[in-house]
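Student: For reference, the sequence and a predicted model appear below.
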Amino acid sequence: MIFQNSTIDMALLPKAEEVELTPIEKDYLKVMRLEWLLISGILLLASGFLVFIVPPFQTFPGYIFIIAAFILIIVFYYILQTLAFKKRAYALREKDIIYQNGIIIQQTSICPFNRIQNSSVSTGPFERKYGLATLHLFTAGTSGADLHIKGLKESDAQSIKEWIAKKTADEEPATA
């Protein structure tokens with residue numbers, strides 16, 4: 001057998017950006033906001049602690065600064081969550097799954113099924129309230145190659161997980 005390494009015409013490659021992506025469930029935005037509300041409560045307690053314990057924050061400009069910073073952080077993150085939510089989408093194809101997310105740094109991850117070694121579905125307390133789940137796909141690569149798709153209906157996440165498991169089991173092993 002003669003070694004060949006031909007050039008590939010870039011125009012003939014499939015275009016991932018042409019794939020129609022499915023947005024994650026709208027209820028996941030509520031989950032994101034509930035989680036942020038919990039974190040905001042903790043930040044509020046920490047801010048209150050600063051006002052009562054640290055002398056510079058006990059004066060008029062000090063506690064106004066803390067309140068203003070707290071409100072700014074909450075509003076900024078609220079807007080950030082809304083924008084980030086709109087950028088989350090996925091697509092299930094014959095041989096891989098695509099996940100897209102990110103606002104400033106937009107990321108498109110394509111995970112071929114033949115690289116997946118394990119998969120799982122998890123639900124947090126807020127996700128359970130809305131019937132949502134996170135699909136975790138663990139690949140043969142490094143930990144950065146793993147894929148986690150949040151905001152799927154729990155039934156969809158389970159179905160995708162089972163479909164991928166069947167798909168990877170049906171594939172014939174590579175031969176040398």
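Tutor: Arrived safely, thanks for sending. Numbers count the residues shown, from 1 in each chain.
Student: How many residues are close by Leu147?
Tutor: When neighbours are counted by other C-beta atoms under 10 Å, Leu147 registers 19. Just so you know, the C-beta spots here come from the backbone N, C-alpha and C atoms, and that holds for glycine as well.
Student: What separation is there between it and Cys111?
Tutor: As judged by C-beta to C-beta, to the nearest Å, Leu147 and Cys111 stand 5 Å apart.
Student: shared neighbours of those two, anything?
Tutor: 97, 99, 137, 139 (C-beta atoms under 8 Å, 6 or more residues apart in numbering).
Student: list the contacts for the last one?
Tutor: Contact analysis of Thr139 by C-beta under 8 Å, 6+ apart lists 111, 115-117, 145-147.
Student: Give me the subset of those that lies in strands.
Tutor: Judged by DSSP state E, these include 111, 116-117, 147 as members of strands.
Student: show me the contacts for the residue nearest to Glu35 when sequence neighbours are not counted.
Tutor: Leaving out its chain neighbours, the residue that sits closest to Glu35 by C-beta to C-beta, 6 or more residues apart in numbering is Phe126, at 6.1 Å. Counting by C-beta under 8 Å, 6+ apart, Phe126 touches 30-31, 34-35.
Student: These: which two are farthest apart?
Tutor: For the contacts of Phe126, the farthest-apart pair by C-beta to C-beta is Lys30 and Glu35; their separation is 9.8 Å.
Student: and whichever strand or helix holds Asp156, C-alpha only, in CSV?
Tutor: Per DSSP states H and E, Asp156 falls inside helix 154-170. The C-alpha coordinates for helix 154-170 follow below in CSV (Å, rounded to 0.1, in the frame of the first residue of the first chain):
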residue,chain,number,x,y,z
GLU,A,154,-35.5,15.8,31.0
SER,A,155,-37.2,13.4,28.7
ASP,A,156,-35.3,14.7,25.7
ALA,A,157,-32.0,14.5,27.6
GLN,A,158,-32.7,10.9,28.5
SER,A,159,-33.8,10.1,24.9
ILE,A,160,-30.7,11.7,23.5
LYS,A,161,-28.5,9.8,26.0
GLU,A,162,-30.0,6.5,25.1
TRP,A,163,-29.9,7.2,21.4
ILE,A,164,-26.2,8.0,21.6
ALA,A,165,-25.5,4.9,23.7
LYS,A,166,-27.3,2.8,21.1
LYS,A,167,-25.5,4.6,18.3
THR,A,168,-22.0,4.1,19.8
ALA,A,169,-22.8,0.4,20.6
ASP,A,170,-23.9,-0.3,17.0
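Student: residues in contact with it?
Tutor: 92, 97, 113-114, 116, 119-121, 123, 127-128, 131-135, 137, 149, 152.
Student: Swap in 6 Å and give it another go.
Tutor: For helix 154-170, the surrounding residues in contact (C-beta atoms under 6 Å, 6 or more residues apart in numbering) are 113, 116, 119, 121, 131, 133, 135.
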